[in-house]
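> Sequence below, structure please.
(2 chains)
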Amino acid sequence: MVITRFAPSPTGYLHIGGLRTALYCYLWARKCGGKFLLRIEDTDLARNSKEAADAIVEAFKWVGLAHDGEIVYQSNRFELYKTYVQQLLDEGKAYKCYMSKEELDTLREEQSARKERPRYDGRYRDFTGTPPHGVEPVIRIKAPLEGMIVLHDGIKGEVHFNVADMLDDFIIARSDGTPTYNFVVTIDDALMGVTDVIRGDDHLSNTPKQIVIYNAFDFAIPKFFHVPMILNPDGKKLSKRDGATDVMDYEKEGFLPETLLNFLVRLGWSHGDQEIFSMEEMLEWFDPNSINKSASAYNQEKLLWLNAHYIKEISIERLVELLKPFGVDISLHGNKERLVEMLRERAKTIKEFAVMVQQIIEAPNSYDEVAVQKCITSETKALLSAYQEALHVSTPTQGAEVFTKAFLESKGAKLKDLAPALRIAMVGTAVSPAIFDVLEVIGFNDVQERIQKLLSTLKE
RNA sequence: GGCCCCAUCGUCUAGCGGUCUAGGAUCCCGCCCUUUCACGGCGGUUACAGGGGUUCAAAUCCCCUUGGGGUCACCA
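Residues are numbered from 1 along each chain as shown, chains lettered A, B, ... in the order given. Below you'll find the model as predicted:
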């Protein structure tokens, strides 16, 4: 059985890169009928926060990635880790090191002065004497001194590490007794039965250390998939300054969860020329072995395009619901289907969509000056006025198009003589959906009122 | 700096020795549709980082250079 895990450290919100690895983990586990576990790496007591862990769960919920089982919090497992540290101590595979931080710093300075790689010199590796007073020891693992560690990565292929220039006896427990990252990751992955570790390739150089730990315990080494980073549009590492990288910001900006998932799955992975993937299709085709080896840049335009695509696809009911958080409730609007249909194909985000809806359902409070300059003349005003009068005399029983064209014919005018001015009266700008649709959604009564309003505003 | 990873249009990518005068998508630019803006349709500009090999044949394999990125903690 395939067991994957997503193991963020709760130092902030869930960002888009994290979501992508989570998605990959999720997809692979689900596809294989396995399990997708969630573990919060909060061993650094000073930096973790409950809010951050909650934020991750919230983001998962929004995009619909469900993890299996209980969330594992590493901060609850210190006692467990201690027993494993002790085991290594008992077996002589780890030892106490009494070197002080100051001594370590000096050593490192000397080494870099000699242009050597800073590394622990192993001075307590075989120490049997009396330990110095007043120093709480750290626990270091006995790492191999020479040889190669070969990692078979599902994405990068075979990666060779020369132990001599890669490893030293690294710390597995701090002087306060708390275990360090590489140790707990390995213990947890092994204990949780993780078979496939899918994570960012910034962890690639940690892997040899973890392999040392797997070997010390005789744990089975899982498959590794180190997925390349997501870069910002300038090709640098993606950071907060590059706009919305908090997953929940995408909701606030009017993106759909399926947009984000589809966008992310295609960033670094592909299935021929296919661009649009439903969750079912992702599950059908995704394979971490075919993730790209190179980093990919975040591309907002493609995200917008995808979002526009999904806005055109989803149900009217859902769209109506999605609009509510943006302050627009059209659930009781008599013509909501028509309203949604005429606007959905021009909105790239729900946020934009809401603005457009607002423009239709509420009479304009102001009029775009440039548009007024350009489209309103004494002739068009007269025509508008006559049109309003015609509506007033008898509310049309036929459609807006039929009525309007008949009106225009009787006046010997063309649609383009009336439409721009009418549009300004309806929405306040020179841009809107097809004018007849707008008219019908607004309704003839309100159409009259809006014309009246424009005309009287223009008089002032 | 040491170690590691990476390198096809601006971007996401297809390609896994011949079917490549390199395909799709996005962006951009035209044209069509049209009452405006979009949508849609059609068309166009744009890429194998450079240099050496291997081979009858290389975007595809190897090496070097260059360029990017990651990592080197009693952080995760």
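> Can you show me the strands along chain A?
A:3-6, A:35-40, A:72-73, A:94-97, A:138-141, A:148-153, A:157-162, A:171-173, A:196-200, A:223-227, A:230-231, A:296-297 (DSSP state E).
> what does the stretch 301-450 of chain A put close to RNA strand B?
With C-beta under 7 Å from any atom of the strand as the criterion, the stretch 301-450 of chain A meets RNA strand B at residues A:301-302, A:304-305, A:308, A:312, A:345-346, A:415-416, A:419-420, A:423, A:430-437. Any C-beta I mention is one placed from the backbone N, CA and C, and that applies to glycine too.
> Need the pLDDT of the residue lying closest to residue A:183 once chain neighbours are set aside.
In space, and not counting its chain neighbours, residue A:183 is closest to residue A:172: 4.1 Å by C-beta to C-beta, 6 or more residues apart in numbering. Residue A:172 is assigned 97 on the pLDDT scale.
> was I right about residue A:172 contacting residue A:142?
No. Counting by C-beta atoms under 8 Å, residue A:172 sits too far from residue A:142 to count as a contact (10.3 Å).
> At which residues are the helices of the stretch 251-400 of chain A located?
Using DSSP state H, counting those that start in this stretch, the helices found in the stretch 251-400 of chain A span residues A:257-266, A:279-285, A:300-313, A:316-323, A:336-344, A:350-361, A:369-375, A:378-393, A:400-411.
> can you count the residues close to the residue nearest to residue A:183?
28 (other C-beta atoms under 10 Å).
> ok now do residue A:248, which residues does it touch?
For residue A:248, the contacting residues are A:13-14, A:55, A:58-59, A:62, by C-beta atoms under 8 Å, 6 or more residues apart in numbering.
> 7 Å instead?
For residue A:248, the contacting residues are A:13, A:58-59, A:62, by C-beta atoms under 7 Å, 6 or more residues apart in numbering.
> what's the answer for residue A:455, then?
Residue A:455 touches A:381, A:384-385, counting by C-beta under 7 Å, 6+ apart.
> Which PyMOL command selects the buried ones in those residues?
Typed into PyMOL, the line below selects the buried ones among these, using 16 or more other C-beta atoms under 10 Å:
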select buried, chain A and resi 384
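> quick check, nearest of the contacts of residue A:455 to RNA strand B?
residue A:384 (14.1 Å; C-beta to the nearest atom of the strand).
> Nearest spatial neighbour of the closest one, chain-adjacent residues omitted?
Closest to residue A:384 by C-beta to C-beta, 6+ apart is residue A:421, at 5.2 Å.
> Could you report the separation of that neighbour from RNA strand B?
11 Å (C-beta to the nearest atom of the strand, to the nearest Å).
> how far away is that residue from residue A:443?
Taking C-beta to C-beta, to the nearest Å as the measure, residue A:421 falls 19 Å from residue A:443.
> Among the contacts of residue A:248, which ones are in helices?
A:58-59, A:62 (DSSP state H).
> What subset of the residues you listed is buried?
Counted by 16+ other C-beta under 10 Å, the ones in helices among the contacts of residue A:248 give A:59, A:62 as buried.
> Please convert the ones in helices among the contacts of residue A:248 to CSV, extending it with pLDDT and distance to residue A:44.
Output for the ones in helices among the contacts of residue A:248, formatted as CSV (pLDDT from 0 to 100; distance: C-beta to C-beta, whole Å):
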residue, pLDDT, distance to residue A:44
A:58, 93, 22
A:59, 95, 21
A:62, 97, 27
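> between the ones in helices among the contacts of residue A:248, which is nearest residue A:29?
Minimum distance to residue A:29 across these is 18.0 Å, recorded for residue A:59 (C-beta to C-beta).
> hang on, the earlier thing: right, so the strands of chain A: which one is the most enclosed?
When the strands of chain A are scored by mean count of other C-beta atoms under 10 Å, the highest mean neighbour count falls to strand A:3-6 (a mean of 26).
> What distance do you get for the nearest residue to residue A:452 once chain neighbours are set aside to residue A:137?
Leaving aside its chain neighbours, residue A:452 sits nearest to residue A:388 (6.4 Å; criterion: C-beta to C-beta, 6+ apart). Residue A:388 sits 90 Å away from residue A:137, going by C-beta to C-beta.
> For the stretch 201-350 of chain A, give me the ranges with low pLDDT.
A:243-244 (pLDDT under 70).
> give me that answer again for 80
Within the stretch 201-350 of chain A, the stretches with pLDDT under 80 are A:233-244.
> Could you do the stretch 351-460 of chain A as well?
The stretch 351-460 of chain A contains residues with pLDDT under 80 at A:394-396, A:459-460.
> Just give me the neighbour total for the residue in chain A that RNA strand B sits nearest to.
Across chain A, the shortest distance to RNA strand B (C-beta to the nearest atom of the strand) belongs to residue A:9, at 2.5 Å. Residue A:9: 17 surrounding residues under other C-beta under 10 Å.
> Can you tell me the closest non-neighbouring residue to it?
residue A:41 (4.2 Å).
> What pLDDT is listed against the one you found?
At residue A:41, pLDDT is 92.
> Surely residue A:229 touches residue A:295?
Yes. Using C-beta atoms under 7 Å, residue A:229 is in contact with residue A:295, at 4.8 Å.
> contacting residues around the residue nearest to residue A:452?
Taking C-beta under 7 Å, 6+ apart, one finds A:448, A:451-452 in contact with residue A:388.
> Can you lay out those residues as JSON lines showing neighbour count?
As requested, those are exported to JSON lines (neighbours: other C-beta atoms under 10 Å):
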{"residue": "A:448", "neighbour count": "19"}
{"residue": "A:451", "neighbour count": "22"}
{"residue": "A:452", "neighbour count": "16"}
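> Nearest to residue A:122 among those residues?
For those, the nearest to residue A:122 is residue A:451 (88.3 Å; C-beta to C-beta).
> So that closest one is in contact with residue A:423, correct?
No. Counting by C-beta under 7 Å, residue A:451 does not reach residue A:423; the two are 11.2 Å apart.
> What's the local residue count around the closest residue in space to residue A:422 that isn't next to it in sequence?
Among residues not flanking residue A:422 along the chain, residue A:435 sits closest, at 6.0 Å (C-beta to C-beta, 6+ apart). Close neighbours of residue A:435, defined as other C-beta under 10 Å, add up to 19.
> So residue A:435 versus residue A:400, what's the distance?
Counting by C-beta to C-beta, the gap from residue A:435 to residue A:400 is 8 Å.
> which parts of the stretch 51-200 of chain A sit against RNA strand B?
Counting by C-beta under 7 Å from any atom of the strand, the stretch 51-200 of chain A sits next to RNA strand B at A:74, A:99-101, A:104, A:108, A:115, A:117-118, A:138, A:156-157, A:159-162, A:165-166, A:171, A:174-176, A:178, A:180-182.
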